[in-house]
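J.: Can you look at this prediction? I've put the sequence above it.
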Amino acid sequence: KMGKKQNTDLIYLEDYELQNEWCNRFVTFTFVDFTIIFIFPPNNMLPFCCPNERPFVNSVVHLGSFYDCRQKGADLVIINSKEEQDFTRKFKMRLWIGLTDSETEGTWKWVDGTPLTKSYWDSREPNGGENENCVEIKKFDSENSWNDVGCSTLLNWICEMKDRP
């Protein structure tokens, strides 16, 4: 066992190439709060299977991304700092984050049950009422990039795995 554990996130993308299209690749990044982040194929990729026969598709609805993260022992990303917010915008794609008001309209909570304290809503957001209960990163050129959107929208997603003691 190593000494003091470092807090390093890993964007889980497998390093396979299939017919000149990337299935995934590995990237690392360091934050204070969490260890691993997974991100899935960009919007411009067609559905196909990696050499290990694990199917990947362009995008998934919010609930599907939630369960995918949970199967990996993670949650949809919870953004608690400007560094995390800036990091998610670097991908320049619309992404699910782990924020919803589906339990009580107008009461935004993270998927781990914690209430929203710091937000990065785009101007005039949230604005969807009962029809838009999930949150995406929508803009990449502005720090305030969150948009409430219908949970059945097809998007990519990021999972976050907390450090384990």
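T.: Received the coordinates, thanks. Please read these numbers as outputs of a predicted model, since none were measured by experiment.
J.: contacts and neighbour counts: CA atoms only from here.
T.: OK.
J.: what packs against the lengthiest helix in the chain?
T.: The longest helix of the chain (DSSP state H) is helix 62-71. Of the remaining helices and strands, those touching helix 62-71 by 3 or more C-alpha pairs under 8 Å, 6 or more residues apart in numbering; DSSP states H and E are strand 75-76, strand 95-100, strand 156-162.
J.: same thing but at 10 Å, please
T.: Helix 62-71 is packed against strand 34-39, strand 75-76, strand 95-100, strand 134-137, strand 156-162, with contacts defined by 3 or more C-alpha pairs under 10 Å, 6 or more residues apart in numbering; DSSP states H and E.
J.: Compile those into a markdown table and extend it with columns for mean pLDDT, mean neighbour count and distance to residue 111.
T.: Compiled in a markdown table, the helices and strands packed on helix 62-71 are given as follows (pLDDT from 0 to 100; neighbours: other C-alpha atoms under 10 Å; distance: least, C-alpha to C-alpha, whole Å):
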| stretch | mean pLDDT | mean neighbour count | distance to residue 111 |
| --- | --- | --- | --- |
| strand 34-39 | 42 | 22 | 15 |
| strand 75-76 | 83 | 26 | 7 |
| strand 95-100 | 91 | 27 | 5 |
| strand 134-137 | 94 | 25 | 11 |
| strand 156-162 | 78 | 24 | 11 |
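J.: quick one, which of those strands is nearest to residue 147?
T.: strand 134-137 (5.5 Å; C-alpha to C-alpha).
J.: ok, and what's touching the helix or strand that the closest one is followed by?
T.: Heading C-terminal from strand 134-137, the first helix or strand you meet, by DSSP states H and E, is strand 146-149. Strand 146-149 is contacted from outside by 62, 85, 94-97, 99-101, 119-129, 131-140, using C-alpha atoms under 10 Å, 6 or more residues apart in numbering.
J.: Kind regards, and thank you for your time.
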